[in-house]
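S.K.: generate coordinates for the sequence data below:
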Amino acid sequence: MDISAENFFQSLSDILSDLQDENTQLLKKRDSLQTQIDKWHIENNEIDPAAYKNFLKDIGYIVSEPPKFSIDVDRVDDEIANIAG
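M.R.: This is a model prediction of the structure:
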């Protein structure tokens with residue numbers, strides 16, 4: 001690959017700019033979740049795994065497992081398509 005430093009860093013800057021708003025929102029969500037978790041631990045001194053798991057589900061920290069799916073790899077080299085990763 002022949003990529004100049006100028007092209008690389010300009011592309012990186014563009015990507016970071018494009019994703020900045022989404023990343024900021026995700027960081028805010030992470031902070032909110034952590035604040036709720038910290039508060040729960042302060043208010044719940046006893047260890048109750050079931051209650052804790054329910055709490056984590058209620059605040060959206062634990063989500064349901066998605067349905068199973070598969071991906072077709074019809075235009076991939078055999079070395080990649082047939083080797084488990």
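S.K.: and the longest helix belonging to the chain, what's buried?
M.R.: Secondary structure assigned by DSSP state H gives helix 5-43 as the longest helix of the chain. Across helix 5-43, burial judged by 16 or more other Cβ atoms under 10 Å covers residue 36. Every residue, glycine included, has its C-beta placed from N, CA and C.
S.K.: which strands or helices does it pack on?
M.R.: Applying 3 or more Cβ pairs under 8 Å, 6 or more residues apart in numbering; DSSP states H and E, one finds that helix 5-43 contacts helix 49-58.
S.K.: so how far is the helix it packs on off the chain centroid?
M.R.: Computed by Cα atoms, centre = their mean, to the nearest Å, the chain-centroid distance of helix 49-58 equals 20 Å.
S.K.: now do whichever helix or strand comes after it, average pLDDT.
M.R.: For helix 49-58, the succeeding helix or strand toward the C-terminus, using DSSP states H and E, is helix 78-81. Taken as a whole, helix 78-81 has an average pLDDT of 76.
S.K.: ok, stretch 31-48 next?
M.R.: Rounded mean pLDDT across stretch 31-48 is 96.
S.K.: dump the residue contacts of the residue nearest the centre of the chain.
M.R.: Nearest residue to the geometric centre of the chain (Cα atoms, centre = their mean): residue 26, 9.1 Å. Applying Cβ atoms under 8 Å, 6 or more residues apart in numbering, we find residue 26 in contact with no residue.
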